Every structure is written in C-alpha cells, then in structure tokens.
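Asker: Output the structure for:
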Amino acid sequence: MTTPDLSIIIVSWNVRELLANCLRSVLAQTGLALQVIVVDSASSDGSPELVAEQFPQVELVACQENVGFPRGNNLGLERANGRFILLLNPDTIVHGDALARMVSYLQQHPAVGVVGPQLLNDDGSVQSSRRRFPTLWTAVFESTWLQPFAPQAVLDHYYVRDVGDGETAVVEWVMGACLMTRQEVVAQVGGLDEAYFMYSEELDYCRRIHQAGWQVVYYPEAQVTHLSGKSSEQAVTQRHINFNRAKLRYFRKYHGRLAAGVLRLFLLVSYGWQLTLEAIKGAVGHKRPLRWQRVKAYWMVLRSGLRPAGY
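Answerer: Residues are numbered from 1 along each chain as shown. Alright, predicted model coming up:
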C-alpha cells in the first residue's frame, strides 16, 4: 500500500453541515495523496451517516460517547499512516492549495515540527492564531473579565503582535483548529494529553514538541477559514468549566502546584464577583432573563470547584 503524503484527522461532534463543508474543501485539495479520518464523538445529528453515505473514501471512527478532542485525535493518530499529519477542526474550510503548501514547507524546513496556517474569520478577516507560551500574569488577564484592563504589553507579547499577519514566523504555539506535524514528531512525543478533554490541548502539545527540540511556525501562505467554537457553543456552561480546568491543568503541569493554586483562587473569586454583579443587575430588572441565565452558569462553574483537569 502506498504511504499517503498526509493523514487528516477531524474530530466532530454534532456539526453535520459544517463537517460536510469541511470534507468537501479537504477532498478538493490536489497534488497530495490523502488519508482522511473522521472521529465522531457520538453525534446525534446524523454526522456518522453523512460521512458513510456521502464520503465513502473517508475512514470513519464512530465513538459511542463524546470522547473529547484529545482522545478523539489520539484515536485518529492510531490509524494515521501518512508522512505528515494534520489535526483539523470540522468547522473549517481549507482554501486553495493550503495543505500542499504546508506539506511543502515542512519538507523544506526539517527543523520545523509544527506548522499552522493563517486562520480567517467567516468575513475574511484574519483570526488570531499564533501565540507565545502564557505566563501566570498572562493567565490572570487573558480570557477573563480583566482582559480589557490588561497592560498592553502583556497581551501583545502573548498574541505575537510584533509579527505581522502576513509574516511567516517561528512562534511557540499555534491554534489547534488546523495544525500540521510530522509522523516522526508523533513517534517522538506521542499523542495529545487526554486529561484536557477540550481547550489548551494544542498549547500543551506544542509545548511538548517545542521541548523536544522542534520549531513551531506560523505560515500565512496557507489560509483556512475557521468558524470558531461551533461545537462548544452547544454547551456554554460546560465550556466555561472545561476552558478553565484546562488552563489550570496546563499551569499545574508546567508551573507547579503553587502557580495553579493561585490561579484557581483568582478564577473562583472572579466568577463569584461576576455572579454577584449579574444577580444585582437581574434584581433591578435589567435584561433579567439574560442575567439569571448567567447567574446559573456562573454558579455551576463555582460548584465545579475548577480543579485542574486530571489532578
């Protein structure tokens, strides 16, 4: 059997139409021998049937439960036999010869272990997708209610704003919506850390690859549209919990117990403060249904305890 140039792994949960559009864009790619693997996390919207009926050339792994993003990708990695491997979200559209460009870049740059394309929003604007590793200071501000008050230098450093959107650059990690690596990298560092379930798994994976001596590169010559968060929109409260437990796992794993403990306390106090504000606004009648919805969500986050995933 001929070895594929590229194995593409797509982990999907209840995004049937988006998955179909993604697969059409992938299968329209030319110049590469592809192995396409869809890992379905027990979707109830007919996604597995769609793949089986309309895309018979795609390998389908139909799970009986929602296995999460890292575990789903690892199931795909067990089957992947391409020289290069792409982790791709189902809410993406691959443009032009993006995948061939990414493969070519890796072939020409043997020190690069991961390459990520330029991600685009639905309106064609550039989506931030390149990062430096977060510090505890970053974590206090980024994606919390304090983000609007963050020192500009903190976020500029984290979001790599010193590099233009159109510049190819060595970074520290790229978003997992579209992340290409090598078979030998996977053989060296293994699969994704399954304790994350969702969020921060690509950060962790790029850090492990970086620590193994490989470079991570943002490569805007390849473009992919990413309709961000379409799976996680289906479970908003759980998204808050998964996101923060994943963040805490990362800091517990790489910065130690004390850093994770301080960050966890900050996050719990922050959610308590937001709950109080929303309750007050709801009590005085300001957008009451929205306020009570948020109060309920924040209360469930607090009840979860936000313990680091896997600890």
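Asker: Which of the helices or strands spans the residue nearest the centre of the chain?
Answerer: Nearest residue to the geometric centre of the chain (CA atoms, centre = their mean): Gly176, 3.9 Å. In the assignment (DSSP states H and E), Gly176 maps to no helix and no strand.
Asker: Give me the phi and psi for it.
Answerer: Main-chain torsions, Gly176, degrees, to the nearest 10: phi -80, psi 0.
Asker: list the contacts for Pro148?
Answerer: Contacts for Pro148 (CB atoms under 8 Å, 6 or more residues apart in numbering) come out as none. (Each C-beta comes from the backbone N, C-alpha and C, glycine too.)
Asker: what about it, which SS state?
Answerer: Classification of Pro148 by DSSP: H, G, I helix; E, B strand; the rest coil places it in helix.
Asker: which ones are touching the nearest residue to the residue nearest to the centre of the chain once chain neighbours are set aside?
Answerer: Excluding the flanking residues, the one nearest Gly176 by CB to CB, 6 or more residues apart in numbering is Glu202, at 3.0 Å. Listed by CB under 8 Å, 6+ apart, the contact set of Glu202 reads 87, 173-176, 179, 192.
Asker: wait, is Glu202 part of a helix?
Answerer: Yes. Glu202: assigned to a helix according to three-state DSSP.
Asker: What lies in contact with the helix or strand Ile37 falls within?
Answerer: Following DSSP H and E, one finds Ile37 within strand 34-41. With contacts defined as CB under 8 Å, 6+ apart, strand 34-41 is touched by 4-13, 19, 23, 26-27, 47-48, 51, 55, 57-63, 65-68, 72-73, 75-76, 79-82, 90.
Asker: Specify the next element, helix or strand, located C-terminal of it.
Answerer: Under the assignment DSSP H and E, the closest C-terminal helix or strand after strand 34-41 is helix 47-54.
Asker: In terms of secondary structure, what does that next one contact?
Answerer: Helices and strands touching helix 47-54, by 3 or more CB pairs under 8 Å, 6 or more residues apart in numbering; DSSP states H and E, are helix 16-27, strand 34-41, strand 59-63.
Asker: between those, which gets nearest to Tyr271?
Answerer: Nearest to Tyr271, of all the helices and strands packed on helix 47-54, is strand 34-41, at 27.1 Å by CB to CB.
Asker: Quick check: Tyr271 touching Tyr298?
Answerer: Yes. Using CB atoms under 8 Å, Tyr271 makes contact with Tyr298 at a distance of 5.0 Å.
Asker: got any residues that touch both of the two?
Answerer: His240.
Asker: ok, the longest strand seen in the chain: who's next to it in the sheet?
Answerer: The longest strand of the chain (DSSP state E) is strand 215-226. Paired strands of strand 215-226, with direction, are strand 92-94 (antiparallel), strand 112-120 (parallel), strand 169-171 (antiparallel) (DSSP bridges).
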